[in-house]
Each structure stands twice: as structure tokens, then as C-alpha cells.
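Q: 3D model of this:
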Amino acid sequence: MGALWIAHVTVTDAEAYGKYAELAGPAIAKHGGEFIARGGRFVQLEGKERPRNVVARFPSVEAAVECYNSPEYQEALGHARGASERELMVVETSE
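A: As a prediction, this is how the structure comes out:
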């Protein structure tokens, strides 16, 4: 089963978050992740609105979690901490 990595983000320091984005993209790709939505137009219907929303497809939940825990992604994440407020989840797809 595939998986979706879904992030809802409010960026509070664009410069530091930019460094996160530079490093996170290659880390996600290294683990089989592929962006399918990245900061595009959205309509908030329920819950807390975050102006940046990102969805990446992974081959499995395990691959997405392995990516998150990888040294490459953790290095990137160091730049996002303190530069954003975020929620991140991985959801298994039915495909």
C-alpha cells in the first residue's frame, strides 16, 4: 500500500524555512517520495487553517516514516523548527 505524507504549515521565518525546503526535497526523493501538492491554492473547510500545505506520495507508510527519521531529513527539520508551526501525518492509501 502507498502512503501520503501530509503537512500543514505556517512559516514564521522564511529564510530558515527556505533552507529546510532545500534539504527536505532531496531527502524525500531519496526515500521514494514524490510531491503531488506543494503550497498551491486550497480551501479550508474545517479545522485550523495553515497557509502552506504539502502532500507527497511514498511507496509505503514505512518508507515515509523511514524518511522522516533519516539523518538527511532530520538535518532539514532542524531548520524548520523555530521557523514554522506545522502538523505532519502519514496516511496509508487504499491503492
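Q: just confirm I36 contacts A56, I think it does.
A: Yes: taking contacts as Cβ atoms under 8 Å, I36 lies within contact range of A56: 6.7 Å. All C-beta spots, glycine's among them, are computed from the backbone N, C-alpha and C.
Q: for the protein, what spans make up the strands?
A: 3-11, 34-38, 52-58, 84-92 (DSSP state E).
Q: give me the common contacts of I36 and A56.
A: Shared contacts of I36 and A56, defined by Cβ atoms under 8 Å, 6 or more residues apart in numbering, are found at L4.
Q: which one's more surrounded, these two?
A: Using other Cβ atoms under 10 Å as the criterion, I36 and A56 rank with A56 on top: 24 against 11.
Q: contacting residues for the more buried one?
A: Neighbouring residues of A56 by Cβ under 8 Å, 6+ apart: L4, W5, I28, G33, E34, F35, I36, A64.
Q: same thing with E22?
A: A76.
Q: repeat the analysis, applying 10 Å as the threshold.
A: A76, H79 (Cβ atoms under 10 Å, 6 or more residues apart in numbering).
Q: tell me how far it lies from A3.
A: Using Cβ to Cβ, to the nearest Å, we find E22 at a distance of 24 Å from A3.
Q: show the pLDDT at R50.
A: Listed pLDDT for R50 reads 95.
Q: now it: closest residue in space, sequence neighbours ignored.
A: Nearest residue to R50 in three dimensions, chain neighbours excluded: H8, at 3.9 Å (Cβ to Cβ, 6 or more residues apart in numbering).
Q: that's all I had, so thanks and see you.
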